[in-house]
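Student: give me the fold of what follows.
(6 chains)
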Number of protein chains: 4
Amino acid sequence: MSPKSPTQFTAIREKSRAKILKAAVELFSKYGYLEVSVSRIAEKAGVAKGLLYNYFHSKEAVLKAIVDLMMSDMQVFMESVAGEERPKVKIERMIRLSFRMFREKAAFYKNIMSIITQSGVPSKIKKPLNDFLAEAVAELEETFRLEGVENPRIEALKLGAILDGVAWHYLFVFGESYPLDNMENELVKRYTGTVK
Amino acid sequence: MSPKSPTQFTAIREKSRAKILKAAVELFSKYGYLEVSVSRIAEKAGVAKGLLYNYFHSKEAVLKAIVDLMMSDMQVFMESVAGEERPKVKIERMIRLSFRMFREKAAFYKNIMSIITQSGVPSKIKKPLNDFLAEAVAELEETFRLEGVENPRIEALKLGAILDGVAWHYLFVFGESYPLDNMENELVKRYTGTVK
Amino acid sequence: MSPKSPTQFTAIREKSRAKILKAAVELFSKYGYLEVSVSRIAEKAGVAKGLLYNYFHSKEAVLKAIVDLMMSDMQVFMESVAGEERPKVKIERMIRLSFRMFREKAAFYKNIMSIITQSGVPSKIKKPLNDFLAEAVAELEETFRLEGVENPRIEALKLGAILDGVAWHYLFVFGESYPLDNMENELVKRYTGTVK
Amino acid sequence: MSPKSPTQFTAIREKSRAKILKAAVELFSKYGYLEVSVSRIAEKAGVAKGLLYNYFHSKEAVLKAIVDLMMSDMQVFMESVAGEERPKVKIERMIRLSFRMFREKAAFYKNIMSIITQSGVPSKIKKPLNDFLAEAVAELEETFRLEGVENPRIEALKLGAILDGVAWHYLFVFGESYPLDNMENELVKRYTGTVK
DNA sequence: GATGAATGAGTCTTCATTCAT
DNA sequence: CATGAATGAAGACTCATTCAT
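Tutor: Predicted coordinates for the structure are as follows:
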């Protein structure tokens, strides 16, 4: 008799939106943005194709939403180390954080790398990701500088390259057999002189 | 008009095939496999669309042919250092070779990384590329072992990660502004104790 | 909260229905029947999409309701001259009435001509409009006959054609720059021998 | 063995293009531009949907092609009376030409009027048609001026309105029952003082 | 060997309509 | 009476592939 309350609608919306995003993340990370059709996302999410457009005005908007999610996730991670003043500790935390992301946000991370690598993706979407990476390297550089490292820029790029290289190898080349834990400890040791 | 000799036919075939491959390489590295249509390849190659199917039975077969080309290119590179017995020198040469490839075969390399990243590409094509990478790491591992490094597997993976990370940063993130030369010298110094 | 009296319900119903019709008229005349979506009508009317189906069982039914409205409007106009016995005066009044409609009901008139022109619109809707036009011509014919004009049918069709032609030029071709007033006086003079 | 000659290809292309245009003209004039889908055009033309895009880069381009055809047809008609110096004769010829077009190019003319009337059609397409109509009226005005008519502008608009009104009544309201011949003779008599 | 017209499945997107609350 | 989430058919358009010549 009475219409659904706004609260009910919000809850329903949130749930459907989440279903769609979840399906999209999985499919994009497994098959790549261009290879996945809107129909397939809808099917996997268990909703009608049309419903997707109730929440995202285009396929690209779905990708954008995923990227935004990932970005704020990463931002949170970044901020969690931002307060750290001791350079060595900060480096260690950044390394450990990166590995945690590789492990816990594998699907997201795969998407990110795949998006950056795919030419079909509009640069409107790529730009913020590239910017984020560049910023992360800048942060590393600053930390190395504080630590008194001789060539902080090069050193930051090197660590950045290792981390992204590890991610790439883990996510796209070697898969589960990759010795993620060993690499993590090795890098921490190498950059801080200690092992946990 | 006049009947052509078998040799002439072969020459013609080879020329058309090469034209098509060249066009495909350029387009794939610039726009990505999925974004490039067969028509566009044919157009760029200056042949009729139908002719392409005379040489390759599908669009995917064109990609396969390109990957094969790249693989043998890399194989040649690899073999050029295979004979080197002195571990330190071998490591240096492998590093320098990699950077030469990043620089001189940027388009190829971009394609490779992009292909590996796109799970849409059938594993028939991706497998050999992955294998090649694994093999290269194995080669590094063996060399580090000879050198007497403590944990050659980890060390090889680390250098592999750096190299691929550098490639990724250079090709997809930072572009021409990336200090490729500095990184090269830095790595050589780090791994051999010398600079050129 | 409190139970509403039947009168209240009727009032509410009437108000919502009117809001929807108003919105539809405006949108249809501005963008055309096919170009306007039900969502847009509901949005402009400030009601939920579903409510529209509470009052009209389809989008087409909304159009039908609008056409009916227009028809009764025109009927009223027609009846206002029906009593006139003097042929010359009647002709003049019909001409002047037509121009008043072009001016004051431009949106309605645009809709009508547009509907008649779009064969996509089901004839259930077009029929009454066509009938109305035919009737108007018949009325003119009768009046010309009374006046003793030689070929009243042809004369009626000719005046009808001029009036619709003027409407068409004014509404779709020349727009505001069309000399509606001049044409009106010219026609009155031509058909009655007088100017106001 | 040998490829088709360019001449053969041109012939084939011309034939297919014509088939598609013919189907489109018929469907557009019967159901209106917006109501007709590309699939339906292709089906009626007896070709695959995709082929249409081999000849026209969009549905709108098909419409544009039709409009262009119509425009040049009308241009030819216009030019055929352009040389006529005697005003009375010129007016008669213009009237008779118009009626010939209504009769012989009914489908085209229906399209034109329907296009001008439909809001969904981009003004890029409408503009030239409107311009053409305006030009035709200007031509009439000039002729009336030469004839020494008192108010040539109004007179030209009036004749223009009659002609378009007749077309509208014939094509959209009364259909085959409309006394086209009578109207034609009546108008000629009215504007030249003679009947054929 | 070479041409490009032709096919049709598949892409993203829109929208009238239904329905649980 | 009122809401808006959900559906699915249909629309315009793309493109790998085939084939007659």
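Student: mind listing what's buried in stretch A:68-85?
Tutor: For stretch A:68-85, the neighbour count (16 or more other C-beta atoms under 10 Å in any protein chain shown) marks A:70-71, A:74, A:77, A:81 as buried. Heads up, the C-betas are built off the backbone N, CA and C, glycines and all.
Student: JSON lines for those residues, including pLDDT?
Tutor: Output for those, formatted as JSON lines (pLDDT from 0 to 100):
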{"residue": "A:70", "pLDDT": "89"}
{"residue": "A:71", "pLDDT": "90"}
{"residue": "A:74", "pLDDT": "88"}
{"residue": "A:77", "pLDDT": "84"}
{"residue": "A:81", "pLDDT": "89"}
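Student: which of these are close to chain D?
Tutor: With C-beta under 8 Å from any C-beta of the partner chain as the criterion, the buried residues of stretch A:68-85 include none near chain D.
Student: which of those residues fall within helices?
Tutor: Among these, the residues falling in helices (DSSP state H) are A:70-71, A:74, A:77, A:81.
Student: can you add distance to residue C:163 and give those residues back as JSON lines?
Tutor: Conversion of these to JSON lines gives the following (distance: C-beta to C-beta, whole Å):
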{"residue": "A:70", "distance to residue C:163": "66"}
{"residue": "A:71", "distance to residue C:163": "64"}
{"residue": "A:74", "distance to residue C:163": "70"}
{"residue": "A:77", "distance to residue C:163": "75"}
{"residue": "A:81", "distance to residue C:163": "80"}
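Student: residues in chain A within reach of DNA strand E, list them.
Tutor: With C-beta under 7 Å from any atom of the strand as the criterion, chain A comes near DNA strand E at residues A:1-4, A:8, A:36-40, A:49-50, A:53, A:57-60.
Student: redo that, cut-off 6 Å
Tutor: Along chain A, the residues adjacent to DNA strand E under the rule C-beta under 6 Å from any atom of the strand are A:3-4, A:37-39, A:49-50, A:53, A:57-59.
Student: just the ones of these in strands?
Tutor: Using DSSP state E, no member of the residues of chain A next to DNA strand E sits in strands.
Student: so which one among those residues has the lowest pLDDT?
Tutor: Minimum pLDDT for those is recorded at residue A:3 (64).
Student: which residues touch the spatially closest residue to residue A:142 that is not a sequence neighbour?
Tutor: Using C-beta to C-beta, 6 or more residues apart in numbering or on different chains and skipping the chain neighbours, the partner closest in space to residue A:142 is residue A:152 (7.5 Å). Applying C-beta atoms under 8 Å, 6 or more residues apart in numbering or on different chains to residue A:152 gives the contacts A:141-142, A:144-145.
Student: recalculate using a threshold of 10 Å.
Tutor: Applying C-beta atoms under 10 Å, 6 or more residues apart in numbering or on different chains to residue A:152 gives the contacts A:140-146.
Student: and the buried ones among those residues, selectable in ChimeraX?
Tutor: Burial among the contacts of residue A:152 is assessed by 16+ other C-beta under 10 Å; the matching ChimeraX selection reads:
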select /A:140,141,143,144
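Student: who touches residue A:95 in this structure?
Tutor: Residue A:95 neighbours (C-beta under 10 Å, 6+ apart): A:140, A:159, A:162-163, A:166, A:183-185, A:187-188, A:190-192.
Student: got the domain ranges for chain A?
Tutor: For chain A, the structural domains run A:1-57, A:63-192, going by automatic domain parsing.
Student: quick check: which of the ones you listed is buried the most?
Tutor: Mean neighbours per residue, mean count of other C-beta atoms under 10 Å in any protein chain shown, is largest over the domains of chain A for domain A:63-192, with a mean of 18.
Student: which strands and helices lie in contact with the helix or strand of chain A with the lowest mean pLDDT?
Tutor: None of the helices or strands of chain A scores lower by mean pLDDT, DSSP states H and E than helix A:106-117, at a mean of 89. If you count contacts as 3 or more C-beta pairs under 10 Å, 6 or more residues apart in numbering or on different chains; DSSP states H and E, helix A:106-117 packs onto helix A:6-31, helix A:59-82, helix A:87-104, helix A:123-147, helix A:152-168, helix B:106-117, helix B:152-168.
Student: nearest to residue C:90, of these?
Tutor: Ranking the helices and strands packed on helix A:106-117 by distance to residue C:90, with C-beta to C-beta as the measure, places helix A:6-31 first at 59.5 Å.
Student: does any part of the closest one sit near chain B?
Tutor: Yes. Against chain B, helix A:6-31 shows contacts by C-beta under 10 Å from any C-beta of the partner chain at A:27-31.
Student: so residue A:190 touches residue B:151, yeah?
Tutor: No. Between residue A:190 and residue B:151 there is no contact under C-beta atoms under 10 Å: 11.4 Å.
Student: who touches both of these two?
Tutor: residue B:158.
Student: stretch A:33-42: end-to-end distance?
Tutor: 14 Å (C-alpha to C-alpha, to the nearest Å).
Student: hmm, back to that, tell me the one of the ones in helices among the buried residues of stretch A:68-85 nearest DNA strand E?
Tutor: Of all those, DNA strand E sits closest to residue A:70, with 20.1 Å by C-beta to the nearest atom of the strand.
Student: how about low-confidence regions in chain A?
Tutor: For chain A, residues meeting the criterion pLDDT under 70 lie at A:1-3, A:194-196.
Student: that one against DNA strand F: which residues are in contact?
Tutor: Within chain A, the positions adjacent to DNA strand F are A:1, A:3-4, A:9, A:12-13, A:16, A:47-51, A:54 by C-beta under 6 Å from any atom of the strand.
Student: now flag whichever of those is closest to DNA strand F.
Tutor: residue A:50 (1.7 Å).
Student: shouldn't that closest one be in contact with residue A:42?
Tutor: Yes. Look at residue A:50 against residue A:42 with C-beta under 10 Å: they come within range, at 8.1 Å.
Student: tell me who's in contact with residue A:21.
Tutor: Each residue near residue A:21 by C-beta under 10 Å, 6+ apart is listed here: A:41, A:45, A:55-56, A:62, A:65-66, A:69.
Student: got a markdown table for those, with distance to residue B:177 too?
Tutor: Listed next are the contacts of residue A:21 as a markdown table, based on distance: C-beta to C-beta, whole Å:
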| residue | distance to residue B:177 |
| --- | --- |
| A:41 | 36 |
| A:45 | 40 |
| A:55 | 38 |
| A:56 | 34 |
| A:62 | 32 |
| A:65 | 30 |
| A:66 | 28 |
| A:69 | 29 |
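Student: could you single out the nearest of those residues to DNA strand F?
Tutor: residue A:55 (7.2 Å).
Student: nearest spatial neighbour of the closest one, chain-adjacent residues omitted?
Tutor: Nearest one to residue A:55, counting by C-beta to C-beta, 6+ apart, is residue A:17 at 4.8 Å.
Student: what residues does that neighbour make contact with?
Tutor: Contact partners of residue A:17, counting by C-beta under 10 Å, 6+ apart, are A:45, A:51-52, A:54-56, A:65.
Student: quick check: the gap between it and chain C.
Tutor: Residue A:17 sits 19 Å away from chain C, taking C-beta to the nearest C-beta, to the nearest Å as the criterion.
Student: distance of that residue from residue A:23?
Tutor: Separation of residue A:17 from residue A:23 (C-beta to C-beta, to the nearest Å) stands at 11 Å.
Student: just residue A:76 next, same as before
Tutor: 24 Å.
Student: swap in residue A:159?
Tutor: 35 Å.
Student: ok, now residue A:112?
Tutor: 18 Å.
Student: how about the contacts made by residue A:151?
Tutor: So residue A:151 contacts A:141, A:144-145, A:157-158, B:182, B:186 (C-beta under 10 Å, 6+ apart).
Student: hmm, try it at 8 Å
Tutor: Counted by C-beta under 8 Å, 6+ apart, residue A:151 has contacts residue B:186.
Student: same question for residue A:112.
Tutor: Contacts of residue A:112 (C-beta under 8 Å, 6+ apart): A:67, A:70, A:129.
Student: ok, of those, which one's closest to chain D?
Tutor: The closest of the contacts of residue A:112 to chain D turns out to be residue A:67 (C-beta to the nearest C-beta; 31.6 Å).
Student: quick check: chain neighbours aside, which residue is closest to the closest one?
Tutor: residue A:125 is the one closest to residue A:67 (C-beta to C-beta, 6+ apart), at 5.8 Å.
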